[in-house]
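Undergrad: Next one to model:
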Amino acid sequence: MKGIKIILTTSFLFTLLGAGFSASAQTIVKGFVKDATTMKPIQFASIYFEGGKGVTTGEDGSYSIVTNRDKLTTLNFSFTGYKKTSRKIIAGKEQTVNIELELSESLKEVVVKTKKRAKYRNKDNPAVELIDLVIENKNKNKIKAYDFVQYQQYEKLSLSLTNKPEKLIKNRLFRNYKFILENIDSTTVEGKSLLPVYLEEKLSDRYLKKNPEKNKTVMLGEKKVNYGDFLDDKGISQYLKRLYADINIYDNNVTILATQFLSPIADMGPSFYRYYIRDTVELEGIKLVKLYFTPRNPNDLLFRGTMFITLDGNYGVQKISMTISKNANLNWTRELRINQDFEKAKDGRFHVIKSSMLAEFALTQNASGGVLGERTVSFKNFLTDIPAPDSIYNGKDLVEKTDLAATPDSFWTVQRHTPLTIVETKAYYNIDSLKNMRSFKRFGEIATLLFSGYKSFGPWELGNTNTFYYYNPVEGFTLKVGGRTTPKFSNFIYFDNYFAYGFNDKKLKYLAAVTYSFNHKSIYSFPLNYLKLSYQYDTDIPGQELLTVNEDNFLLSFKRGNNNKWLYNNYFKVEYVREFGKNLRYNFAFKNWKQTPAGDISYQKVTDNSLVKNVTTSELSAELRWAPNEQFYQGKNFRTPIINKYPIFNLRFIVGVKGLMKGEYNYQNITGSIEKRLYLSQLGYADITLQGGYIWGKLPFPLLTIHRANQTYAYQLNSYNLMNFMEFVSDKYTAANFNFYFNGFFFNKIPLIKKLKLREVASFKILYGGVRDENDPAKTVDLFKFPTDVTIGQQTTFAFNKTPYMEVSVGIANIFKLIRVDLVKRLTYLDNPGITLWGIRTRVRFDF
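TA: Numbering: from 1, shown residues only. Predicted coordinates for the structure are as follows:
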């Protein structure tokens, strides 16, 4: 749901943005090349200045060419079989030139028709034999094949609204934003008017070393639009970079829109693609084969397009243009284009010199407007097998200047590989003006309240509105109100508090916290470095350490079965948290915890059946979390992870100290977990979580591990969805969760069903643990009895026997592009009272 909030907030803000500044002195020419007779676009047509270098058209016939040389004023257009055409260009200006090429008089069109269609097969197919050679040689054509590589990289990423928002322009409410809404680009994409709403640029020097492996990036400059405090610009940048990831056509899988597509030159390519030789051409003395490729199944996550392959013994790619089928099982994506150009190195091999990806998103294929994003990456000063000084490879992999954003405009004017268009230049100026407008600030505050749950009043903000009202059987209907200070109050001291009142138990709950930020940054943003003291009195369900939502969220008020196992908790906490640049975090804490049973829970001694009113513990803890290459979107009070292929490690050690602040027990507790996403190419991906823990010491059941159950009707990824609250406890355990997402691989093969673009999901969860005799109330008398349900007179909390707890689920996802429905089956401990053997659970998920 947080991912949906981020997308909705960003998209809504983008409907207001856009344009106004000055042009560059460079000569910029762009346009489209079409067949004069059919008016169809001509791809790979050559466009070049007389006496200068040139470019070729993309799949849609578009081109863009730039020069700094004032003397180049003649632009030539040519393609095999067509008459060469020239146009005079005005030097030093940006202009649009669309060309319609006529067929050469010497070329006669021959049309061969047949009612029979030859059956496609790989055997004895020259196109497949050629692609096999490309696959066989791709390792030596990768950049990694060189011992040393260095180059300069420039990247530009932009978002634009497609089609001019005429209704907004005429609406009186938006009259103050007219300067934004009228900054339109109608030349970049044929047939579309683009309103730029986001733009960022980066320039860096890259150094690659093969042995020992080193990938060093030295950032030279960074520039992006800034919407102020309402949006996390860095988080947006990371999220967009995740969608528009780097593309290496020689990899088996190409990750785009957070989804893996099989490359047309993957090892398994001939099993999923069809290949056709279309032509042989010669470019600058190099013989090339024009090869067309298309998916065998248009619903699969595959490309279609054209590539040019060199016939020089290296069988490298010289140029590739590709898109996806309109039937591909991909959400919200109306158009996707990828173009890559390659340049010949001194050793004869080709390396990528320019890569661009364009994707348009819309609610439906026929929607009047959408959001178009484009990322262009260009490379120059390319050197191979020439080592840089040793000092370059030493130190951190990423080196950044103190304030990259302060790079002056004069730097970008000189260093940009391709100058900005007039419309793009205006975007920087206009959005900077927009964020200072009072009306826009009011809009941002309303959007923040709706999506993050906080309303700002300068140095203090009211929230969280998501928890203003909730219900549970112990407290009854509960009202809650709170707030916290912001950096406008102080950038190193933060206060946080709330009050809640239950109309059933008639008790006041509260939180009071104060935090000192050592780095004088927000205590909710990276990198964390703070000391926090807090005191809290509130209710909770035993064992429910919900990571992404709170139990007092209104939507979690609805549960199945008996939901009357609760605790009143008094917490006093002192914690120090520190994060480092490699996404390493440690946490040292002290917690004094007094827990009082409520509802159906009672702490009853085995010896004499007497009741214990409460249990108090004092514990010291140390926690280490390592998430290499982690990315996330930073919200007001949470982080939304952008999951990638890298693992996440967690390790925590707790020591309970008897006698410290009335602590009643000595014990030690160690827990650890590993989370990892495995990409399975065309089979989708799997999220795997491994966990384990061990407790030393003689303890009553409330201080053992109470395993995370789920009695809501929502499917929870990290909980056991058919386990009852407080059903199992242990002092040692191991667990494994496997969640599989097949991205429609099987449904795509079924007629009619494949049109719905449904996706298969499945999971398997296993948990095995136990309780030592010293912690088992059936074998040790000076403990608490396991809880029982007084209405049926049966025990409801258990230790594991020699059988693990297991549950499986299968489901259908992507229903209406958002909804997932799972059928869950419990496999073991089927005789426990009050359980459910089968269940249907739902989940809302925004995904491409």
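Undergrad: Counting neighbours, what do you get for R274?
TA: 17 (other Cβ atoms under 10 Å). (C-beta placed from N, C-alpha, C; glycine too.)
Undergrad: pretty sure M726 contacts G543?
TA: Yes: counting by Cβ atoms under 8 Å, M726 touches G543, with 6.2 Å between them.
Undergrad: hey, what's in contact with both of these two?
TA: Here M726 and G543 have 706, 709 as joint contacts, going by Cβ atoms under 8 Å, 6 or more residues apart in numbering.
Undergrad: Please identify which helix or strand holds A813.
TA: Assigned by DSSP states H and E, A813 falls within strand 805-815.
Undergrad: what's that strand packed up against?
TA: Judged by 3 or more Cβ pairs under 8 Å, 6 or more residues apart in numbering; DSSP states H and E, the packing partners of strand 805-815 are strand 759-770, strand 819-826.
Undergrad: Show me the strands paired with whichever helix or strand comes after the first one, marking each as parallel or antiparallel.
TA: Moving toward the C-terminus from strand 759-770, the next helix or strand (DSSP H and E) is strand 788-789. When sheet partners are counted by DSSP bridges, strand 788-789 sits next to strand 794-795 (antiparallel).
Undergrad: Could you check how sure the model is about the helix or strand following the partner strand, as an average pLDDT?
TA: Proceeding N to C from strand 794-795, the next assigned helix or strand is strand 798-799, under DSSP H and E. Across strand 798-799, pLDDT averages out at 95.
Undergrad: And strand 798-799, what does it pack against?
TA: Packing partners of strand 798-799 (3+ Cβ pairs under 8 Å, 6+ apart): strand 728-730.
Undergrad: Run me through the strand neighbours of the strand it packs on, direction for each.
TA: Strand pairing for strand 728-730, determined by DSSP bridges: strand 705-706 (antiparallel), strand 798-799 (parallel).
Undergrad: one step back: more neighbours: M726 and G543, which one.
TA: Comparing M726 with G543 by other Cβ under 10 Å, the one with more neighbours is M726, at 25 against 21.
Undergrad: Which helix or strand contains that one?
TA: Element membership of M726, judged by DSSP H and E, is empty: it is in no helix or strand.
Undergrad: And K178, by the same measure?
TA: Applying DSSP H and E, one finds K178 within helix 178-181.
Undergrad: Please compute how far that helix lies from its chain's middle.
TA: Chain-centre distance of helix 178-181: 31 Å, with Cα atoms, centre = their mean, to the nearest Å.
Undergrad: same deal with stretch 147-162?
TA: 19 Å.
Undergrad: So which bits of it are buried?
TA: For stretch 147-162, burial by neighbour count (16 or more other Cβ atoms under 10 Å) applies to 148-162.
Undergrad: Out of the residues you listed, the closest to D229 would be?
TA: Nearest to D229 among the buried residues of stretch 147-162: L159, at 19.7 Å, using Cβ to Cβ.
Undergrad: I'd guessed that closest one sits against L243; true?
TA: No: the criterion here is Cβ under 8 Å, and L159 misses it with L243 at 10.2 Å.
Undergrad: before we move on, back to that, just put the helices and strands packed on strand 805-815 in JSON lines and tack on mean pLDDT, mean neighbour count and distance to K401.
TA: Converted to JSON lines, those look like this (pLDDT from 0 to 100; neighbours: other Cβ atoms under 10 Å; distance: least, Cβ to Cβ, whole Å):
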{"stretch": "strand 759-770", "mean pLDDT": "97", "mean neighbour count": "19", "distance to K401": "44"}
{"stretch": "strand 819-826", "mean pLDDT": "96", "mean neighbour count": "17", "distance to K401": "44"}
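Undergrad: Dump those strands to JSON lines, plus distance to I47.
TA: JSON lines is the format used below for the helices and strands packed on strand 805-815 (distance: least, Cβ to Cβ, whole Å):
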{"stretch": "strand 759-770", "distance to I47": "42"}
{"stretch": "strand 819-826", "distance to I47": "48"}
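Undergrad: For L383, find the nearest of these.
TA: Of all these, strand 759-770 comes closest under Cβ to Cβ, at 44.8 Å.
Undergrad: for stretch 678-686, how far is the first residue from the last?
TA: Criterion Cα to Cα, to the nearest Å; first-to-last residue distance in stretch 678-686 is 5 Å.
Undergrad: starting at the chain centroid, how far to it?
TA: That offset, for stretch 678-686, works out to 16 Å (Cα atoms, centre = their mean).
Undergrad: returning to that earlier point: W412 is nearest to which of the strands paired with strand 728-730?
TA: Of all these, strand 705-706 comes closest under Cβ to Cβ, at 55.8 Å.
Undergrad: what comes into contact with that closest one?
TA: Contacts of strand 705-706 (Cβ under 8 Å, 6+ apart): 542-543, 671, 693, 695, 726, 728-731, 733, 769.
Undergrad: try 6 Å this time
TA: Strand 705-706 is touched from outside by 542-543, 693, 726, 729-730, with contacts defined as Cβ atoms under 6 Å, 6 or more residues apart in numbering.
Undergrad: Stretch 71-90 too?
TA: 29, 42, 45-50, 52, 91, 97, 99, 101-104, 107.
Undergrad: Over to stretch 601-609?
TA: Contacts to stretch 601-609, defined as Cβ under 6 Å, 6+ apart, come from residues 565, 597, 611-612, 777, 781, 783-785, 787.
Undergrad: got a winner among those for most neighbours?
TA: Within these, neighbour counts (other Cβ under 10 Å) peak at K565, which reaches 27 neighbours.
Undergrad: Next up, the contacts around that one.
TA: Contacts of K565 by Cβ under 6 Å, 6+ apart are 599-601, 725-726.
Undergrad: would you list these in JSON lines and tack on distance to V33 and pLDDT?
TA: As requested, these are exported to JSON lines (distance: Cβ to Cβ, whole Å; pLDDT from 0 to 100):
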{"residue": "G599", "distance to V33": "74", "pLDDT": "87"}
{"residue": "D600", "distance to V33": "76", "pLDDT": "86"}
{"residue": "I601", "distance to V33": "75", "pLDDT": "90"}
{"residue": "F725", "distance to V33": "67", "pLDDT": "91"}
{"residue": "M726", "distance to V33": "70", "pLDDT": "92"}
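Undergrad: Drop anything exposed from those residues.
TA: Using 16+ other Cβ under 10 Å as the burial test, those include 599-601, 725-726 as buried.
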